[in-house]
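Peer 1: Pasting the sequence and the predicted coordinates here, then a few questions.
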There are 2 protein chains.
Amino acid sequence: MNAPAPRRTRIQQEKRELILEAALEVFSMHGFRGSTIDQIAEAAGMSKPNLLYYFRRKEEIHETLIQRLLDTWLAPLRELDDVGDPLTELRSYIRRKLEMARDYPRESRLFANEILQGAPRIMPLLEGELKSLVEEKVAIIKDWMRAGKIVRTDPWHLIFSIWATTQHYADFDVQVRAVLGPDLGGEGRFEDAARFLEQLFLDGLKPKASPN
Amino acid sequence: MNAPAPRRTRIQQEKRELILEAALEVFSMHGFRGSTIDQIAEAAGMSKPNLLYYFRRKEEIHETLIQRLLDTWLAPLRELDDVGDPLTELRSYIRRKLEMARDYPRESRLFANEILQGAPRIMPLLEGELKSLVEEKVAIIKDWMRAGKIVRTDPWHLIFSIWATTQHYADFDVQVRAVLGPDLGGEGRFEDAARFLEQLFLDGLKPKASPN
DNA sequence: CAAATTTTTGACCGGATGGACAAACGTTAG
DNA sequence: CTAACGTTTGTCCATCCGGTCAAAAATTTG
């Protein structure tokens, strides 16, 4: 399906990296249609034709960005496995997702933009890779429920709500900071969010009968 | 500050309404920059110059849409008051928000688009009206906590997480449906989500000591 | 009906934007 | 030095898009 990755010199690699970094900044802020090649070129410190020497089309930059994003984006969920204690596993999943919202807000917004617009470029991936990954993790969670390790609830919507609450702090960051104001909206907001989410999910999920 | 609303004939009102309906469809899908006047005009069944006879600029449509949206959008939160039982109040707030995600997904996406792009047009409103509304409701929630009606937790992030989880079903609807698949992703998904969220928030918030 | 007013449309304009291209520039290898 | 190759840039083009305008069509008013 994919063409073989062409050989590239070290300089080409670096320039392409520079462009991708700049494009991430621009795309995540203005969306695909709202961003211009000129903006990206300027952010990357080069001229438009020069940028087009490294990426032939605007879409090519976007595609590369999205593709690269998805690998790192799903990593936390991939790491969720059934070897550890369920509550510990879920806690560190939530924490990792929140850390990603804090450390990679641009990636999160790029993804959000894509989904908002109907996911035209990644629909197959959502229905394929993502769907089966979630199914795999849902199975694990169901096992935990059957074993009485966590309360019975809907595992799909549990995952959705973890996604929603954590990504909210990246995608809606402007709103969060505006509402919290200067006092509460500083860097500490992620600590507060982490504490809150841990309490929300883990107290909500902890079995009432025999808390061990 | 605002110019007085000009007198309009019934026909003008209807046409403007038609245009706003079409624009909501288009803007919520492609964002402001990604939408063209031609698209909106075609969706409204009229020519571009004709549309521009009713709205002089593209921005004017968008502003009208956003302004109208915000009133209805914050209505559920406004209704949250301290007269009823706290858990009942929160339950119906969550339910109303989820119903809005189900019944007005385009409005939700329009709002999400605006926030994602840094809220350039509504920042003052976020820092003003929204902030003080949230502060007001945070005070109520704090009272409930002091009175032992609900567990102590961070009221700001409680509100954020209600926003995040409910709006997720509108903004990320494509992803939700893709992951759930045809079986689970039907209309029942909102019922499932409602049940899950109620359990998540209310069990998580219910005081452990004396549940009454 | 006829004048006045409102609504609709085709044609057009100017600027922005994605992209092409050839020439210039720089670097490396013989 | 110079030929070959990789990189950079100025210029240009076609298209898209927001918005204008005058004239035609429809509607209302007298």
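Peer 2: Received the coordinates, thanks. Worth saying up front: this structure is predicted, and the values here are computed from it rather than measured.
Peer 1: Could you chop chain A up by domain?
Peer 2: Using automatic domain parsing, the domain ranges for chain A come out as A:7-56, A:67-205.
Peer 1: chain center to the last one, what's the gap?
Peer 2: Right, the one you point to is domain A:67-205. 8 Å (Cα atoms, centre = their mean, to the nearest Å).
Peer 1: pLDDT of it, averaged?
Peer 2: On average, the pLDDT along domain A:67-205 is 95.
Peer 1: Could you pick out the residues of chain A near DNA strand D for me?
Peer 2: A:Thr9, A:Ile11, A:Gln12, A:Lys15, A:Met46, A:Ser47, A:Lys48, A:Pro49, A:Asn50, A:Tyr53 (Cβ under 7 Å from any atom of the strand). In this view, the C-beta of every residue, glycine as well, is placed from N, C-alpha and C.
Peer 1: Quick check: the last one vs A:Gln13, distance?
Peer 2: Distance, A:Tyr53 to A:Gln13, by Cβ to Cβ, to the nearest Å: 14 Å.
Peer 1: for A:Ser132, same thing?
Peer 2: Distance from A:Ser132 to A:Gln13, by Cβ to Cβ: 32 Å.
Peer 1: before we move on, back to that, so which of the residues of chain A next to DNA strand D comes closest to B:Arg102?
Peer 2: Comparing the residues of chain A next to DNA strand D against B:Arg102 with Cβ to Cβ picks out A:Lys48 as the nearest, at 44.2 Å.
Peer 1: Can I get stretch A:106-123 in PDB? Just the C-alpha atoms.
Peer 2: Extracted in PDB, the C-alpha atoms of stretch A:106-123 (Å, rounded to 0.1, in the frame of the first residue of the first chain):
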ATOM      1  CA  ARG A 106      -0.700  20.700  19.700                       C
ATOM      2  CA  GLU A 107      -0.900  17.000  18.800                       C
ATOM      3  CA  SER A 108      -4.200  16.700  20.700                       C
ATOM      4  CA  ARG A 109      -5.700  19.700  18.900                       C
ATOM      5  CA  LEU A 110      -4.500  18.400  15.500                       C
ATOM      6  CA  PHE A 111      -6.300  15.200  16.300                       C
ATOM      7  CA  ALA A 112      -9.400  17.000  17.600                       C
ATOM      8  CA  ASN A 113      -9.500  19.100  14.400                       C
ATOM      9  CA  GLU A 114      -9.400  16.000  12.300                       C
ATOM     10  CA  ILE A 115     -12.200  14.300  14.200                       C
ATOM     11  CA  LEU A 116     -14.400  17.400  14.300                       C
ATOM     12  CA  GLN A 117     -14.300  17.600  10.600                       C
ATOM     13  CA  GLY A 118     -15.500  14.100  10.200                       C
ATOM     14  CA  ALA A 119     -12.200  12.400  10.200                       C
ATOM     15  CA  PRO A 120     -12.000  12.400   6.400                       C
ATOM     16  CA  ARG A 121      -8.400  11.200   6.300                       C
ATOM     17  CA  ILE A 122      -8.300   8.700   9.200                       C
ATOM     18  CA  MET A 123     -11.700   7.100   9.100                       C
END
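Peer 1: Point me to the residue of chain A nearest DNA strand D.
Peer 2: A:Pro49 (3.1 Å; Cβ to the nearest atom of the strand).
Peer 1: Number of residues surrounding that residue?
Peer 2: 9 (other Cβ atoms under 10 Å in any protein chain shown).
Peer 1: which residues sit in contact with it?
Peer 2: A:Pro49 is in contact with no residue at all, counting by Cβ atoms under 8 Å, 6 or more residues apart in numbering or on different chains.
Peer 1: before we move on, what about A:Arg68?
Peer 2: So A:Arg68 contacts A:Leu20 (Cβ under 8 Å, 6+ apart).
Peer 1: For B:Arg68, see how far away it is.
Peer 2: Using Cβ to Cβ, A:Arg68 is found at 39 Å from B:Arg68.
Peer 1: next one: A:Phe190
Peer 2: Taken as Cβ to Cβ, the span from A:Phe190 to B:Arg68 is 34 Å.
Peer 1: quick one, longest helix in chain A?
Peer 2: Ranked by residue count, the top helix of chain A under DSSP state H comes out as helix A:10-34.
Peer 1: Any residue of that helix touching DNA strand C?
Peer 2: No: using Cβ under 7 Å from any atom of the strand, we find that helix A:10-34 stays clear of DNA strand C, coming within 7.7 Å at best.
Peer 1: Contacts for the helix or strand following that helix, please.
Peer 2: Going down the chain from helix A:10-34, the next helix or strand is helix A:37-43, by DSSP states H and E. Contact with helix A:37-43 is made by A:19, A:22-23, A:25-27, A:30, A:47-48, A:50-52, A:58, A:61, as judged by Cβ under 8 Å, 6+ apart.
Peer 1: could I get the residues of chain A next to DNA strand D as CSV with pLDDT and distance to A:Glu136?
Peer 2: Below are the residues of chain A next to DNA strand D laid out as CSV (pLDDT from 0 to 100; distance: Cβ to Cβ, whole Å):
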residue, pLDDT, distance to A:Glu136
A:Thr9, 71, 40
A:Ile11, 75, 41
A:Gln12, 85, 38
A:Lys15, 95, 38
A:Met46, 97, 43
A:Ser47, 97, 47
A:Lys48, 98, 44
A:Pro49, 97, 46
A:Asn50, 97, 44
A:Tyr53, 97, 42
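Peer 1: Quick one, which of these are buried?
Peer 2: Among these, those classed as buried by 16 or more other Cβ atoms under 10 Å in any protein chain shown are A:Lys15, A:Met46.
Peer 1: what's the most distant pair in the residues of chain A next to DNA strand D?
Peer 2: Maximum distance among the residues of chain A next to DNA strand D (Cβ to Cβ): 21.7 Å, for A:Thr9 and A:Lys48.
Peer 1: Count the residues that sit near the residue lying closest to A:Pro105 once chain neighbours are set aside.
Peer 2: Counting by Cβ to Cβ, 6 or more residues apart in numbering or on different chains, the nearest residue to A:Pro105 once its immediate chain neighbours are dropped is A:Ala170, at 3.9 Å. Residues near A:Ala170, counting by other Cβ under 10 Å, number 24.
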